[in-house]
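Q: Just a sequence and a predicted model for now, questions to come.
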Amino acid sequence: MKRRLFSLTLAASALACSLPAAAQTAWDLPSAYPATNFHTVNLNAFASDVEKATGGKLKITVHANAALFKAPEIKRAVQGGQAQIGEIILAAYQNEWAMFGADGIPFLATSYEDSRKLYAAQKPILQKKLAEQGLMLLYSVAWPPQGIYSKKPLASAADLKGSKWRAYSPATSRIAQLVGAQPVTVQAAELSQALATGVVETNMTSGATGVDSKLFEHLKFYYDVQAWLPKNAVIVNKRAFDALDKASQDALLKAAADAETRGWAASQKVNTDSLATLRANGMTVEPGSAALKADMQKVGATMLQEWLGQAGAEGQQMLDAYRK
């Protein structure tokens, strides 16, 4: 009898110990950017907030620097359920659906204020499209304004002709074509190596990416033309979300709203800090000549018309809402 009671006690203890682990839901969140990038820092804060708010019932593990999936693979991975949640840069998916690329059109929205207005016009359309794909938009945060990095001085867009230009989206590839540069597709995690090996000589990206990838070790000039502010979006598989209990869903949405507010504020601070870091590491940082800006604005005007041709009435409706 004693032996039997002892066995039952052990079994009950084992069951009690196993309950918390069994009750916990574990999600993977792939990201394409380094752990030190402000987007990734924000993702980790978001994951921590979710775990605290759910009492550990929902644990999200962030996989930085394309460690789990490469940037172009993340959206499909979340759609297919290989990852329950993920971070993507919307403009990279313009070929799939034109509206994803609205914030990658040069000189359409060039300030944080305008970027927020564009997001407000774009968001309901994004939510509808993602829902059709079995996804939900949790939150979105803009990158700092995009400028031009170059090994040599640029007086006008003509000085970009023939250069090896890093592209990470359909829009950045199209810019290369319009200025006569040679587009080379390189994701953020591979940018530093591409510069070191001469695969890339010029590119358009933010001061934040310039610091992340230490572009000052390979390039000498940064022209802060503030061409556009692309957005990252955190998306979740709808079936994974629906499988959560109501309290966990509410906690996730609240943490997402907080992350969006925190992320936009961090982006603005990072923009200022990054330009200072580029200068401190010997890079020449300047706004760019009137000729360079005028040339790039012409590129933007061409790309806007091309984009409207792809986006149709839906795109025009969004553009009208943005410009109100």
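A: Looks like it arrived, so ask away.

Q: As a check, name the ranges of all helices in the stretch 201-324 of the chain.
A: Ranges of helices within the stretch 201-324 of the chain are 207-212, 238-242, 246-280, 290-323, based on DSSP state H, counting those that start in this stretch.

Q: Tabulate the CA atom coordinates of the shortest one in PDB.
A: It stands for helix 238-242. Extracted in PDB, the C-alpha atoms of helix 238-242 (Å, rounded to 0.1, in the frame of the first residue of the first chain):
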ATOM      1  CA  LYS A 238      -4.700  34.100 -38.500                       C
ATOM      2  CA  ARG A 239      -5.300  30.500 -37.500                       C
ATOM      3  CA  ALA A 240      -2.500  30.700 -34.900                       C
ATOM      4  CA  PHE A 241      -4.100  33.900 -33.600                       C
ATOM      5  CA  ASP A 242      -7.600  32.300 -33.500                       C
END
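
Q: Please work out the average pLDDT along it.
A: Average pLDDT, helix 238-242: 98.

Q: Strands of the chain, start to end?
A: When secondary structure is read from DSSP state E, the chain shows strands at 25-30, 58-63, 85-89, 135-142, 146-150, 164-167, 182-185, 202-206, 221-223, 231-237, 284-286.

Q: Out of those strands, which gets nearest to Thr110?
A: When the strands of the chain are compared by Cβ to Cβ, strand 146-150 sits nearest Thr110, at 9.2 Å. For glycine as for every other residue, the C-beta is placed from the backbone atoms N, C-alpha and C.

Q: could the helices of the stretch 201-324 of the chain be laid out in JSON lines, adding mean neighbour count and distance to Ala131?
A: Formatted as JSON lines, those follow (neighbours: other Cβ atoms under 10 Å; distance: least, Cβ to Cβ, whole Å):
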{"stretch": "helix 207-212", "mean neighbour count": "24", "distance to Ala131": "30"}
{"stretch": "helix 238-242", "mean neighbour count": "14", "distance to Ala131": "7"}
{"stretch": "helix 246-280", "mean neighbour count": "17", "distance to Ala131": "15"}
{"stretch": "helix 290-323", "mean neighbour count": "16", "distance to Ala131": "15"}
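
Q: Run through the residues that contact the closest residue to Val141 other than its chain neighbours.
A: Distances taken as Cβ to Cβ, 6 or more residues apart in numbering place Gly263 nearest to Val141, at 3.3 Å, with adjacent residues excluded. Going by Cβ atoms under 8 Å, 6 or more residues apart in numbering, Gly263 touches Phe38, His39, Asn42, Tyr139, Val141.

Q: So for this structure, the centremost residue is which one?
A: By Cα atoms, centre = their mean, the mean C-alpha position of the chain lies nearest to Asn232, the distance being 2.7 Å.
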